[in-house]
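> 3D, please:
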Amino acid sequence: MLDKFSTEQAVWPNNRFTCSMETSVCLDGSVLDKPSLDILWFKRDLRLRDHAPLQAAITAGRSAPVRPLVLIYCFEPSLVVDPNYDIRHWRFVYESLIDLNQQLANLPPKQPAETPALTHEWLPFSFDDEPLSAPPTGAPVIWIFHHEVINVLTALHTQFTIHTLYSHEETGIRLTYERDKAVTQFCQQHGIDWQEFQSNGVIRGLKNRDTWTADWQQTMQAPQQQPDLTAWYPAPIDMDWYDRERGPELPIDWQQPNPLFQPGGERNAHRYLTSFLNDRITLYAQSISKPLESRRGCSRLSPYLAWGCLSIRQAYQAQRQVAQHPPLPGIGRQLIAFASRLRWHCHFIQKFENEDRMEFANVNRAFDAIEKNDNAPHYAAWRDGRTGYPLVDACMRCLRVTGYINFRMRAMLTSFLTHHLFQHWQAGGWHLAQLYTDFEPGIHYAQIQMQSGMTGTNTVRIYNPVKQSQEHDPDGIFIRQWIPELANCPQAYIHQPWTMPPLEQTMAHFQVGVDYPAPIIDTVQTARHARQLLHQPRYTETGQAEQERIISKHTLPASRQAKPAKRKPGKTTKPAIKPKSHRNQAVLPYLSTDQVPVPSKL
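All right, here's what the predicted structure looks like:
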């Protein structure tokens with residue numbers, strides 16, 4: 001998008017203008033006047049509407065002395081190679097940036113304007129000074145860098161005096177948190193005012209959740225922050241300088257659309273939102289748990305919310321507007337359910353904001369005593385979709401190819417790894433993060449902790465993959481779509497191919513263990529084992545203390561009625577768990593997986 005703008009447009013002219021000039025002292029003691037500008041740093045907020053930092057930056061830039069504003073996005077090499085990320089994420093971001101730059105290119109050109117001659121209130125005449133021209137402007141574009149943000153800020157600082165840096169707060173992984181601390185230090189060293197704005201009602205430094213719901217509702221009902229882009233003075237950037245500083249060329253893979261994935265972009269986000277609220281929402285309740293039907297019946301807004309192409313407030317207010325004038329009969333309950341999930345979306349991100357160590361550690365420390373399996377072949381079978389359980393394998397393969405699977409199937413994949421295979425969630429968490437186009441750290445790791453049973457405050461839900469298959473893909477349509485090896489498997493055995501008698505296998509020209517893997521484990525036995533081991537830590541001294549801490553820190557007031565489990569007086573507390581203990585311990589009932597928490601993937 002950048003090569004469409006000429007160098008002449010982008011060069012900072014040496015004419016007279018109303019922008020402020022600030023003085024900097026060079027290393028050799030000489031004094032250099034550098035033009036002053038502001039910076040808007042896009043992060044996970046790839047939109048031009050309902051964007052408080054952009055609105056504030058444009059508004060501040062219009063005040064005298066006028067300061068041009070430069071918009072930047074940095075593909076940070078350290079983030080690109082982080083184990084949570086994959087090409088699919090950067091392709092989505094690239095498509096979103098291209099969409100924004102296309103919108104900006106359609107802005108009406110800013111006409112040269114003159115400021116009127118100055119008149120003092122107590123002098124009966126005007127000053128003789130000639131009118132001053134409006135500040136020079138550059139290309140209305142987001143400047144894309146392939147560098148660490150500190151390097152980009154440093155390079156800009158050599159050319160300009162950075163007055164203010166604007167951005168949203170980011171509830172990200174530890175890497176981005178450490179980066180933000182480095183940016184804070186950079187700004188303090190160079191006298192830059194960094195103004196960060198709250199994102200989607202997630203509150204930084206929150207002590208408890210007592211008023212969080214009311215605060216979130218207030219944010220959602222507040223007017224959207226709509227920047228007046230016609231009032232923006234884009235900072236002129238020298239193209240030669242940009243070519244030197246922008247970093248390596250972006251990989252071709254990022255720039256090539258993949259029709260199997262949802263396309264990035266703010267305009268696409270609003271297309272999905274409109275399509276859902278005006279049409280597809282009628283399918284919402286009946287399809288949300290089904291791997292095939294959910295691909296149309298769910299909102300499919302999750303990648304646009306995760307990358308900020310759409311704000312939660314925009315989605316919330318859009319559903320409220322539709323609720324007032326429903327385009328279709330009988331969608332009231334669907335709209336209420338959708339609005340509830342928008343709140344749960346932010347609720348989980350707030351959990352991660354309050355305790356981001358859950359990216360690497362069990363949120364409930366009592367579960368640290370459990371020794372998990374480390375079976376590389378089992379992990380590889382789960383990762384590659386070769387477990388021998390058709391729905392598990394179909395979901396993993398679908399996710400790998402398209403970047404999306406619905407919430408219930410995500411929970412089942414996590415449960416299969418951490419309960420049935422009884423492996424640690426960390427490696428699987430990274431793998432799933434790489435596959436989810438809508439990877440949102442706050443939701444992802446809070447859900448990984450919950451679905452793997454590491455909170456100690458939620459019911460342990462061990463998903464039965466056969467039961468899930470029979471209930472949510474009864475005809476095996478989704479399974480057959482993603483596991484062509486089962487093409488010859490008769491319908492009666494599609495959910496459990498291993499139960500097919502050898503003679504029938506021969507007649508069907510289908511052999512378990514040859515055409516499709518035999519099950520790598522027996523889920524009846526593994527579920528029993530997992531329930532026994534995951535139940536015990538709750539009743540240890542550490543488990544009790546951790547439950548109290550987690551409930552106080554993370555749960556909403558209405559949820560605190562469910563107190564941590566405590567032993568009755570006179571009853572002996574069970575001893576602390578021993579690694580790999582197979583003793584006959586108290587067993588939780590096998591819970592119906594219809595009792596899942598409200599999905600945060602919309």
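> how close does His420 get to Asn464?
Remark: distance between His420 and Asn464 (Cβ to Cβ, to the nearest Å) = 9 Å. Just so you know, the C-beta spots here come from the backbone N, C-alpha and C atoms, and that holds for glycine as well.
> okay, and the common contacts of those two?
Thr523, Ala527 (Cβ atoms under 8 Å, 6 or more residues apart in numbering).
> Name the residue in these two with the higher neighbour count.
A count of neighbours by other Cβ atoms under 10 Å puts His420 above the other of His420 and Asn464, at 29 against 20.
> Which pLDDT value goes with Arg538?
At Arg538, the model reports a pLDDT of 88.
> doesn't Gln547 make contact with it?
Yes. With contact defined as Cβ atoms under 8 Å, Arg538 reaches Gln547; the gap is 6.9 Å.
> When the two are compared, which one has more neighbours?
A direct count of neighbours by other Cβ under 10 Å for Arg538 and Gln547 places Arg538 higher, at 25 against 22.
> Next, give phi and psi for the more buried one.
Backbone torsions of Arg538, given as degrees, to the nearest 10, read phi -60, psi -30.
> Can you tell me the closest non-neighbouring residue to it?
Residue nearest to Arg538 in three dimensions, not counting chain neighbours: Gly456, with 5.2 Å by Cβ to Cβ, 6 or more residues apart in numbering.
> Now do the buried residues in the top helix by length along the chain.
The single longest helix within the chain, with elements called by DSSP state H, is helix 332-354. Within helix 332-354, the residues that qualify as buried are 334-335, 338, 341-343, 345-354, counting by 16 or more other Cβ atoms under 10 Å.
> just stretch 520-527 next, same as before
Along stretch 520-527, these residues count as buried under the neighbour rule (16+ other Cβ under 10 Å): Ile520, Ile521, Thr523, Thr526, Ala527.
> Ala165 belongs to a strand, doesn't it?
Quick fix: residue 165 is Leu, not Ala. Yes. Under the criterion used here (DSSP: H, G, I helix; E, B strand; the rest coil), Leu165 sits inside a strand.
> who touches it in this structure?
Per Cβ under 8 Å, 6+ apart, neighbours of Leu165: Asp38, Ile39, Trp41, Leu153, Val183, Cys187, Ile192, Asp193, Trp194, Gln195.
> Can you convert these into CSV and add a column each for pLDDT and secondary structure?
As requested, the contacts of Leu165 are arranged in CSV below (pLDDT from 0 to 100; DSSP: H, G, I helix; E, B strand; the rest coil):
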residue, pLDDT, secondary structure
Asp38, 97, strand
Ile39, 98, strand
Trp41, 98, strand
Leu153, 98, helix
Val183, 98, helix
Cys187, 98, helix
Ile192, 98, coil
Asp193, 98, strand
Trp194, 98, strand
Gln195, 98, strand
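> and which of these is nearest Ile477?
The closest of these to Ile477 turns out to be Trp41 (Cβ to Cβ; 45.4 Å).
> any idea how far Ala530 lies from Trp482?
26 Å.
> on that earlier part again, top of the contacts of Leu165 by number of neighbours, please.
Counting neighbours by other Cβ under 10 Å, Asp38 leads the contacts of Leu165 with 25 neighbours.
> ok, it to Leu153 distance?
Distance of Asp38 to Leu153, computed by Cβ to Cβ: 12 Å.
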